[in-house]
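Q: my questions concern the predicted model and sequence given below.
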Amino acid sequence: MATLIQMARDIYPHDQVPDKYYAIAVKAHDEQAGKDPAHKDLIENGIAELDSKSGKGGYTSLGWEEQRVAVLREIEDTPFFQAVRGGLVVGLYNQKEVWPIFGYEGESYSKGGYMARGFDDIEWL
Amino acid sequence: MAAPFDLTNDGVVVMIGSGAGGGTLGNELAQKGIDVVILEAGARHEYEDFINDEWDSFAQLAWTDKRTTSGDWRVAKDFPNLPAWIVKAVGGSTTHWAGASLRFQEHEFRTLSTYGKLEGANLLDWPITLAELEPYYAKAEDKLGVTLTNNIPGLPGNNNFKVMKAGADKLGYKECHTGRMAINSEPRDDRNACQQTGFCFQGCKWGAKWSTLYSEIPKGEATGHLEVRPNAMAIKINHDASGKVTGVVYADKDGRLQEQKARIVAVAGNSIESPRLLLNSASSQFPDGLANSSGQVGKNYMRHTTGSVYGIFDKPVHMYRGTTMAGIIRDEARNDPSRGFVGGYELETLSLGLPFMAAFLNPGAWGRSFTTALDHYDHMAGMWIVGEDMPREENRITLHADLKDEHGMAVADVHFDDHANDTAMRDHAYKQGSALYAAVGATRTFPTPPYPSTHNLGTNRMSEKAADGVVNKHGQAHDIKNLFVSDGSQFTTGGAENPTLTIVSLAIRQADYIAEQMSAKSI
Ligand SMILES: Cc1cc2nc3c(=O)[nH]c(=O)nc-3n(C[C@H](O)[C@H](O)[C@H](O)COP(=O)(O)OP(=O)(O)OC[C@H]3O[C@@H](n4cnc5c(N)ncnc54)[C@H](O)[C@@H]3O)c2cc1C
Ligand code: SF4
């Protein structure tokens, strides 16, 4: 799990987003692996490969993001990498709790839209 | 009262699809006292049920049945099973549409004459002119309540528009305004005024934007001459020995096959499904599919030359607040080959929420170059490019050789390769869009690739001669008198403008023609 979370952060690094949201985003793979042996193999073998390509201490022991990204570049065309990256697009960015961190306000109908809430409040132009 | 019609009633006009084309035609005919059954593959969700959430709304309304892709367009790589972003629901894509409602320009009905023969492009003049369509454009603008027509005030500019306008002024563009939008700036025609909610692409929960779902269809139903049958997926159009169509076989909500008899059939399933249905209706008499003696059914698929430009600024914009597409620059829409391409393009404001931005900004990209863009989401402004693309015979809808849907109907494959003219136009638009934002102080801009196609056109095109296309200038099949095409698939060429106003105008015109022909007993 720790490796997967680190990998998720290195794929879509947002320094202002706490680990727990990355953990929620990759948890789906855990759940799917529980039900689907093929998916379990995909994830487990993928992590093993990532660790072995990263040298003695494994992926998480690489101290700089650039070092880890270099390893990810080597495997970016693999089904494992694509499964993790693809899952994050919705798994990470579709968490409503994450939206405010990016300044996205989400649902607005119940608040009467933005008619009286700044649809045209830009001042710096 | 909504009129339920009997399956064996062979006096009805059957429409396939309840979107811009089918929904409008259905209401127009019902107003004339003609009995209509609209078969709609999707479910009926009223506008109160729409969801202010991108993925949830997509799941509620979008067409997600399997399709395949091929060709060199990037969509085929990024979204191999999602060539198009269109809707499967009562109202069709007029639930998700943004409302931009522009007339074609005069020369866009005469592209072969104006642009000349272009290598690799199957250009053809429309069999109608702008002058012929003008009265119908006027009716359509009134029906849709298009802003800046019929004395309807424009929408107020939101933040995203203000950035566009400031940049347009700096670049010396002359025609930049909040657009001609089928969105109420004030209450009209039983529709509310826009509340600047910012979820136009998810269905307007205020009903401020025109949609056949709550504008045309209830009006048609009120006449007692219109029935919309949801969850009814047309699979095959039947014909008799004389070659006239006689009814439509469809799968009902329980997956059971039914046949609705018909006097006339009008196909309006949007430009992927309409040719799919005609091809799937092949018989011993019509081995290449219905209305296909020209071999043009499914060909000349167009999707507009699109792309987006997003810019990041050092101060906040909040582009997602307010109307998604109420902002346009028309200066580049002219035909001016000195720019290195024929035809032109519009620039229109566009915003995506964070979830769709993550999916569409640069599909497949990862790492800091990508994520630092999203980090400044609330400092972003965005615009969409929509320009004329070249019809190509190779760009086409075909029936997949092996893959079938849940009803056993072959799925559609969508093949698309950009023409060199499309690429040159897109590059020009990227440059202009980036320059515009840079002129207002953007610190970074993003030439964003096309999304899955929201505009799908041309696959049953209109032509003067039967050998060049599928339907005549009334959308009537050259080969079969009582078979019509009523959606954007009848477009001979695509123009630079968003297509729906033209689809609606053609449908109003077609209704007049069908009514005339029916009373003359010629169909
Ligand atoms: C996000 C988005 C934004 C857009 N913005 C604009 C805009 O600003 N301006 C503009 O002009 N256009 C816009 N469009 C495009 C516009 O929505 C379409 O041009 C228009 O709705 C097409 O009309 P149509 O009748 O051809 O098809 P649709 O409106 O797509 O309707 C087709 C209907 O047919 C049904 N159907 C298909 N096959 C079958 C079958 N076999 N049996 C039964 N039913 C079937 C479908 O379920 C669907 O409901 C936008 C589209 C999208 C998705
Ligand atoms: S911005 Fe206006 S038109 Fe768009 S969804 Fe909101 S109320 Fe409807």
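A: Sure, I can see it. Numbers count the residues shown, from 1 in each chain, chains lettered A, B, ... in the order given. Ligands and ions are numbered 1, 2, ... in the order given.
Q: what residue in chain A comes nearest to chain B?
A: Here chain A gets closest to chain B at one residue, residue A:103, 2.9 Å apart by Cβ to the nearest Cβ. Glycine gets a C-beta too; all of them are placed from N, C-alpha and C.
Q: from ligand 1, how far off is that residue?
A: Going from residue A:103 to ligand 1 by Cβ to the nearest ligand atom, to the nearest Å gives 23 Å.
Q: residues contacting that residue?
A: B:316, B:318, B:377-379 (Cβ atoms under 8 Å, 6 or more residues apart in numbering or on different chains).
Q: now, which of those sits nearest residue B:82?
A: The closest of the contacts of residue A:103 to residue B:82 turns out to be residue B:377 (Cβ to Cβ; 23.2 Å).
Q: now that closest one. Nearest residue, chain neighbours left out?
A: The shortest distance from residue B:377 to any non-neighbouring residue, by Cβ to Cβ, 6 or more residues apart in numbering or on different chains, is to residue A:102 (4.4 Å).
Q: quick one, what contacts the one you found?
A: By Cβ under 8 Å, 6+ apart, the neighbours of residue A:102 are B:354, B:374-375, B:377-378.
Q: next, format the residues you listed as CSV and append secondary structure and distance to residue B:284.
A: As requested, the contacts of residue A:102 are exported to CSV (DSSP: H, G, I helix; E, B strand; the rest coil; distance: Cβ to Cβ, whole Å):
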residue, secondary structure, distance to residue B:284
B:354, helix, 54
B:374, helix, 56
B:375, helix, 62
B:377, helix, 58
B:378, helix, 62
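Q: now the residues you listed: which count as buried?
A: Among these, the ones that count as buried by 16 or more other Cβ atoms under 10 Å in any protein chain shown are B:354, B:374-375, B:377-378.
Q: tell me the mean pLDDT over stretch A:3-18?
A: Here stretch A:3-18 scores 98 as its mean pLDDT.
Q: list the contacts of the residue of chain B found nearest chain A.
A: At 2.9 Å from chain A, residue B:378 is the closest residue in chain B, using Cβ to the nearest Cβ. When contacts are counted by Cβ under 8 Å, 6+ apart, residue B:378 touches A:102-104, B:316-318.
Q: ok, 6 Å please
A: Going by Cβ atoms under 6 Å, 6 or more residues apart in numbering or on different chains, residue B:378 touches A:103, B:316, B:318.
Q: could you do residue B:281 as well?
A: The contact partners of residue B:281, taken as Cβ under 6 Å, 6+ apart, are B:236-237, B:290.
Q: same check, this time on residue B:199
A: residue B:52.
Q: can you do 8 Å?
A: When contacts are counted by Cβ under 8 Å, 6+ apart, residue B:199 touches A:108-109, B:50, B:52, B:57, B:205, B:324.
Q: in helices only, show me these.
A: Among the contacts of residue B:199, DSSP state H puts residue B:57 in helices.
Q: so residue B:92 sits against residue B:270, correct?
A: Yes. Using Cβ atoms under 8 Å as the test, residue B:92 is close enough to residue B:270 to be in contact (6.8 Å).
Q: okay, now the unreliable bits of the stretch 251-400 of chain B?
A: Residue ranges of the stretch 251-400 of chain B with pLDDT under 70: none are present.
Q: noted, bye for now.
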